[in-house]
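>>> need a structure here:
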Amino acid sequence: LARRCAKQGRRSTFVPQQKGIYMSSADSPASLLSAEDFDKIRPLCTARDFGKDDLIFADGDSADYIYFIESGHVYIFIEKFTRREEVTTLGAGEYFGEMAFFSGDRRSASAAAMLDSTLLLLDKQSFLTLFENDQALAAKINRNFDLRNRDLAFKENLSGPGESMSLGIKGDPSPRETAL
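Numbers count the residues shown, from 1 in each chain. Next comes the predicted model:
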């Protein structure tokens with residue numbers, strides 16, 4: 001993340017209270033959690049280490065956990081026929097897996113570790129308890145969930161306002177392609 005920020009001309013700041021958490025001054029504060037946020041989340045979680053290229057979850061898996069990145073990097077991808085299409089990459093201080101987790105649906109994408117990574121896995125009941133007890137953290141996560149949904153809708157909207165589009169697909173389309 002630090003290298004990625006440097007390439008883009010942004011400054012990265014290490015949060016000294018929490019090993020591995022980098023925040024970019026240009027990143028949305030809603031998408032990054034502070035060391036204090038991690039201190040609240042950690043006791044409710046199970047920590048799990050993933051090696052480089054380890055699969056964290058696959059498209060179609062049940063959404064049993066939301067994942068908080070304590071250290072390392074993760075990429076989210078979808079498989080379209082025979083190729084992988086990267087949706088996003090995430091680093092320490094960010095979280096993922098919340099979309100299917102909140103909706104109760106199965107995972108619509110896959111996630112894998114880009115580097116050796118330590119993730120905090122939070123189950124649904126613990127997450128709901130956290131939400132009830134910490135309104136500020138709940139608001140931060142809800143705000144980010146809304147931003148991610150808007151971003152996803154924007155990326156998937158291939159036609160402009162007022163335009164319609166027809167799409168024919170041969171073979172077995174993924175759920176995202178079916179939605180178009």
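
>>> for this structure, where's the lowest mean pLDDT among helices and strands?
strand 12-14 (a mean of 31; mean pLDDT, DSSP states H and E).

>>> Run through the helices of the protein in chain order.
Along the chain, the stretches classed as helices by DSSP state H are 2-7, 35-41, 98-103, 124-133, 135-156, 175-179.

>>> The longest one packs against which elements?
Contact here means 3 or more CB pairs under 8 Å, 6 or more residues apart in numbering; DSSP states H and E; on that basis helix 135-156 packs against helix 35-41, helix 98-103, helix 124-133. Where you see a C-beta, it was placed from the backbone N, CA and C, and this is true even at glycine.

>>> pLDDT (mean, whole number) over it?
Across helix 135-156, the average pLDDT comes to 79.

>>> Compare the mean pLDDT across the helices and strands packed on helix 135-156 and name the weakest.
helix 98-103 (a mean of 81).

>>> contact partners of that helix?
By CB atoms under 8 Å, 6 or more residues apart in numbering, the residues outside helix 98-103 that reach it are 63, 65-66, 105-108, 124, 127, 141, 145, 148-149.

>>> repeat that with 6 Å
For helix 98-103, the surrounding residues in contact (CB atoms under 6 Å, 6 or more residues apart in numbering) are 63, 66, 107, 145.
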